[in-house]
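model the following, please.
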Amino acid sequence: NPVTVTPSFTLCQGANLNLTASATGAVSYSWNGPGAYTSSSQNPTINSILPASSGNYTATASFTNAALTCTTSAVSNVSVVATSPVTLAIPTNTCQNANINLSMAATGATGFNWAGPNGFTSTNASTNIVNVQPVASGIYTATATFSIGSVTCPTSNTASMSVVATNPVTVTPTFTACQGSNVNLISNASTTSYLWNGPGGFTSAAQNTLVAGILPSGAGNYTATAYFTDGVLTCTTAAVSNVSVVATPTTAITYPANICQNATANFTASAPGAISYTWTGPNSFSSTGATASIPSIQTNGTGIYTTTTLFSIGTVSCPTSTTNSLTVVGTNTVAVSPNFTICAGGNQTLTANAASAISYSWNGQGGYTSGVQNPTITGIPTSGTGVYTATAFFTINSFTCTTSATLNGSVVAIPPLTVTPTSSIICATDNTTITASGSLNYTWTPAATLNTGNGPIVIANPMTTTVYSITGQDASGCFKYNTISIAVNPQPTLSPTSNTMCFGTSASLTVNGATAYTWTPAGTLSSANGSTVTATPPTSTIYTITGASNKGCLNTTTASVLVNPLPVLSTSDHTICYGNSTNVSVSGANNYTWTPATALSATNSPNVIANPLQTITYTVIGIDGNGCSQSTISTVIVNPLPIISITSPSTICKGQSALMTANGATSYTWNSTNFTSSQSVSPIVSTTYSVVGKDVNGCINTGTVFLNVMVQPTLNIAGTPTVCLGNMLTLTASGGLDYSWDTGDSTNVIMIEPQTNTIYTVSSGIAPCNSSTIFAVTVYTPQPLTPYADPPIIVYGASSVIHANAPAGNPFSWSFSPDISCNTCETNTVTPSATTIYTVTTTDNNGCVVTSTVLVQVDIICGDAFVPSAFSPNGDGFNDFWCVYGNCIESMNIQLYNRWGEKVFESGDKSQCWDGTYKGVLQNDAVFIYQLTTTFVNGEKIVKKGNVTLKR
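All right, here's what the predicted structure looks like:
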């Protein structure tokens, strides 16, 4: 009968192809198709079909009787629409109002469709969104379609896009500011992050910021940038505020800071770019223009003058003000007097007066000058006849103004007054005659040392140098003057120094005031002449000195030497034991110095404590109240201490005794009150013993000895006395402080793995009080476990019986395996799909645990290859790999595809299995499609296709 098959049709890649065949009376069917496809099913299914499977599928129906088999065939043409994954290019994050591009790609696609937020759609593979808005945020689905004829197959992919919302920035409008003013920049964009940038590197992160004291260089555009973010992408908007700055440069002012009353004050102002100037000042002064002046200014013009300069840009005007201080110095008329007539050499006083003047100056004949308001001209010469001018000075702020006035003077000439001799030198108590001529009348001063104060001739006998003034009056009534100096050489004033000395020393004597000296008596002096001599008298002596000056005048004085006796010191010697001290005293003086200072409590006391470590002699110097010194010595003899030694054992065990013997002295005292050199002790704890020994010098020392009393430790070992061969055992020792095992360990706890019965020994303590103990361990050899399989080799799909074969009475268990139904049964029937190792564990009579394995080998019939339909790569040790099985496979190629048609695994080695990863990434639970091409050793070649399920 004819075969009726599935009509020809088209389906999408990855779909399941269901083939159907029907022929009345047929006893069997077979299918052949593309890629060596075969099947003996009447209605086979090809899961997850691939484009390579497109083509004709032939169904053959077989009809048979006892002698002949006949066949009929029919063909079904299958077209598979190839699909491919959709790849997307879409920005993950973008800014509001940006222009973005969305694109998809899929190999062989015939149509495209986009669907996204806010009703977005497009049928272009690449599409743009202009001025994208936040409502465009969300998931975009890209669908590519593939078709053959009227059959269309879609594949899709999705991607997410986030649009960062932004707002426009509003800023302070464009404006003009005066130089030096504060400019407030204000921005708003409903966000929290801003940044201003402006001229001269200006920046600020504040929303509203201040440009303090703006300068012309700060003019220009100030840009405010607002920042918006969704945590991934930051977007910005910006706005510009233009600021113009009216420059107000400094106004240069020229003016008199100080001016004299009645002068003209002139002012000048200059500033680049200024459009006007205004002046104001004291006494209602005002003016406009770059210059101003005040003629004949008065003192009420003193004060502050303000210059206002105006600058502008457009309608904005900016004034600046400059202030300057001007002081008007007031002046007054000078009144002078008198006009005068005077004798030459006379004195004339001039007067000047001007209200408020602070100083005056005079200028006159013969170069006369004076800075005194009312000066006196002394000894005026005949050239002093003429005009004298007085100038008054008025000053404020170091600025001076003047006024002047004049007077006339006349000087009458006077003949000279002569004195002889012109000078004279005498000695004290001598006299000399002086004669004057050239006048009618004479007056001498001082008159006290003259024989008369009037007349042309006088006799002078001054005691010191004296200048005599002579006043003569001529016929015109004018006075004339002269002087004579009488130099008087005085007697020398001698200044001797006396001295005090100690007996046996010397003293220096000096004298000053003359140029030559003579000393008497000279017998105990180093010299009879000179200003300094050395005296060595045995007793106190007075010396007479005669001194002569360089003028030949003599004088006499005395100097004395007081001779003091030396002090008499008294001290003694001492004897001490090493380490002791003694009081050493001295007397006979006021102050003392001991040397050396070694081991002394003080070095400047009459009573000191000495504790030297060896015999030493001290020298003491005593100084009495007159400063005279004497020395003596004191010896301190230091006897050594006896060296006490004790003979004794260092350690005993508790309950024993020890004999102690002391040496090194002549008598002993033990801390146990025993007064002999030896003693026997039996302490129960460690003890320090001491003995005090005294030698023949009475010196005492102490000896000590430490006797260590040890307690013998009682040791114990805890642990299990039996162990199975190959197992570890823990032994714990106690009762000691430290431990030493015969294994070489030194801790109280040790881990051992004995191979045979063994006795372990541990020791603790220090000789002679150490101890040890032992611990015996019995080692059991585990009973053998020999499981087996019957039969040990099976073909795929067959079963085998595995036997634990454990010793009688020993409990046992099988390790988990899907094939084992009873893990505590002696036997289990197993049907492994691949060669498998089964594990059984038993515990013998001694408690030893034994584990063994049995192998069941599964052989696949030659001419076939087995591919599992599922595996679970979850790391549990069972069915973790997907492999191709077959004993007769000579060569093979296995390819595995996911539902997108991507090849995730390929191998030509049957020993290479798939572990469920693709490019190192674990694959999710899914159904995969495989195609296997195999060549066997007998030359037979088969092709298999199918599905495999990955389930973790």
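
where does this structure dip in pLDDT?
Scanning the chain for pLDDT under 70 picks out the ranges 66, 476, 672-675, 860-863.

need the residue closest to the centroid of it.
Closest residue to the average C-alpha location of the chain: residue 205 at 28.4 Å, with Cα atoms, centre = their mean.

run through the residues that contact that one.
Contact analysis of residue 205 by Cβ atoms under 8 Å, 6 or more residues apart in numbering lists 193-196. To be clear about C-beta, it is placed using only N, CA and C from the backbone, and glycine gets the same treatment.

in strands only, show me the residues you listed.
Using DSSP state E, the subset of the contacts of residue 205 located in strands is 193-196.

among those, name the buried ones.
194-196 (16 or more other Cβ atoms under 10 Å).

ok, of these, which one's closest to residue 553?
residue 196 (102.2 Å; Cβ to Cβ).

who touches the closest residue to that closest one other than its chain neighbours in this structure?
Nearest residue to residue 196 in three dimensions, chain neighbours excluded: residue 204, at 4.3 Å (Cβ to Cβ, 6 or more residues apart in numbering). Taking Cβ under 8 Å, 6+ apart, we find residue 204 in contact with 185, 195-196.

equivalent analysis for residue 323, please.
By Cβ under 8 Å, 6+ apart, the contact list for residue 323 reads 304-307.

can I get these in TSV including secondary structure?
Below are these laid out as TSV (DSSP: H, G, I helix; E, B strand; the rest coil):
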residue	secondary structure
304	strand
305	strand
306	strand
307	strand
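
which residues in the stretch 101-250 of the chain form strands?
111-116, 120-122, 126-129, 138-148, 151-164, 170-171, 175-178, 183-185, 187-188, 193-198, 202-204, 209-211, 220-229, 234-246 (DSSP state E, counting those that start in this stretch).

the third one pairs with which strands, and in what direction?
Strand 126-129 has the following strand partners under DSSP bridges: strand 100-105 (antiparallel).

cool, and the fourth one?
Within its sheet, strand 138-148 is paired with strand 111-116 (antiparallel), strand 151-164 (antiparallel), according to DSSP bridges.

I'd like those strands laid out as JSON lines, including distance to residue 903 and mean neighbour count.
Below are those laid out as JSON lines (distance: least, Cβ to Cβ, whole Å; neighbours: other Cβ atoms under 10 Å):
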{"stretch": "strand 111-116", "distance to residue 903": "25", "mean neighbour count": "18"}
{"stretch": "strand 151-164", "distance to residue 903": "17", "mean neighbour count": "17"}
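
tell me the one of the buried ones among the ones in strands among the contacts of residue 205 nearest residue 711?
Nearest to residue 711 among these is residue 195, at 83.9 Å by Cβ to Cβ.

find the nearest non-adjacent residue to residue 31, please.
residue 39 (4.3 Å).

OK, contacts around that neighbour?
Residue 39 sits next to 19, 30-31 when contact means Cβ under 8 Å, 6+ apart.

out of these, who's nearest residue 530?
Of all those, residue 19 has the smallest distance to residue 530: 158.2 Å, by Cβ to Cβ.

so who does that closest one touch?
Going by Cβ under 8 Å, 6+ apart, residue 19 touches 5-6, 31, 39, 43-46, 57, 59, 76.

from residue 269, how far out is it?
Distance of residue 19 to residue 269, computed by Cβ to Cβ, to the nearest Å: 113 Å.

residues in contact with the closest residue to residue 437 other than its chain neighbours?
Using Cβ to Cβ, 6+ apart and skipping the chain neighbours, the partner closest in space to residue 437 is residue 418 (4.9 Å). Contact analysis of residue 418 by Cβ under 8 Å, 6+ apart lists 436-438, 482.
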